[in-house]
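> Kindly return the folded structure for what I paste below:
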Amino acid sequence: MKKLVRLLPVALVAVVLVLAIARSLPAADTKEMPKSVVVIMHIAPGKHVEFLKSMAQGEAWAKEAGVPPTMLYAHTSGDSWDYLTIGPVPTDAQQAKLDEVTKKHGGKVGWAANFEFRTFAASHTDTEAAGPTSATELLAAAGM
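Numbers count the residues shown, from 1 in each chain. The predicted structure is shown next:
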């Protein structure tokens, strides 16, 4: 116990030195990582075809608006989800253009589109993620 008490000041000095050195190092590359939206969906029974037709229409409108595509993945085995999408987070300008094109074709935007989506989805979860990227790019962004 006495050895531990004697080592405590040494450990404290070491921690202070490490923090001081870390603070003096140049900041890591602050290049902005691309952002994506990941959505995992369980589609309501009997709504799969309707859902896919709606997604196909949205793909066409996004292409017309010049918005990068969202990738769709269909479940084949394992967990219980039906579809997963990964797509870029649109800029304000991209979203405005997409809304304009969607309205031009009689589609719904905003809350109306949100409510329409829920007629297909039994449940879903969505989140934002950094990427697409690589382990090398993440390490570089962390300054490692």
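> Below-threshold pLDDT in this structure: ranges please.
1-31 (pLDDT under 70).
> Which segments of it make up each domain?
2-30, 35-136 (automatic domain parsing).
> Indicate which one of those domains is closest to A142.
Closest of the domains of the chain to A142 is domain 2-30, at 5.6 Å (criterion: Cβ to Cβ). Glycine gets a C-beta too; all of them are placed from N, C-alpha and C.
> circling back to that earlier point, who wins for proximity to M144 among the domains of the chain?
Across those, M144 has its closest neighbour in domain 2-30 (8.0 Å, Cβ to Cβ).
> Now do the helices in this protein.
2-24, 48-65, 92-104, 110-120, 135-141 (DSSP state H).
> Could you list every helix and strand that the shortest one packs against?
Read it as helix 135-141. In terms of contacts (3 or more Cβ pairs under 8 Å, 6 or more residues apart in numbering; DSSP states H and E), helix 135-141 is packed against no helix or strand at all.
> Check the offset of stretch 48-60 from the chain's centre.
Taking the mean of its C-alpha atoms, stretch 48-60 sits 21 Å from the chain's own mean (Cα atoms, centre = their mean, to the nearest Å).
> neighbouring contacts of that stretch?
Contact with stretch 48-60 is made by 41, 43, 69-70, 72, 82-83, 102, 105, 107, 116-117, 120-121, as judged by Cβ atoms under 8 Å, 6 or more residues apart in numbering.
> again, only using 7 Å
Residues from elsewhere that reach stretch 48-60 (Cβ atoms under 7 Å, 6 or more residues apart in numbering): 43, 69, 72, 120.
> wait, doesn't the first one sit right on H124?
No - with contacts counted by Cβ atoms under 7 Å, I43 stays clear of H124, the gap being 9.0 Å.
> show me what contacts the nearest residue to W81 once chain neighbours are set aside?
Nearest residue to W81 in three dimensions, chain neighbours excluded: I40, at 4.9 Å (Cβ to Cβ, 6 or more residues apart in numbering). By Cβ under 7 Å, 6+ apart, I40 lies in contact with 81, 84, 124-125.
> Those residues into JSON lines, with extra columns for neighbour count and distance to P34?
Listed next are those as JSON lines, based on neighbours: other Cβ atoms under 10 Å; distance: Cβ to Cβ, whole Å:
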{"residue": "W81", "neighbour count": "17", "distance to P34": "24"}
{"residue": "L84", "neighbour count": "16", "distance to P34": "18"}
{"residue": "H124", "neighbour count": "18", "distance to P34": "22"}
{"residue": "T125", "neighbour count": "10", "distance to P34": "21"}
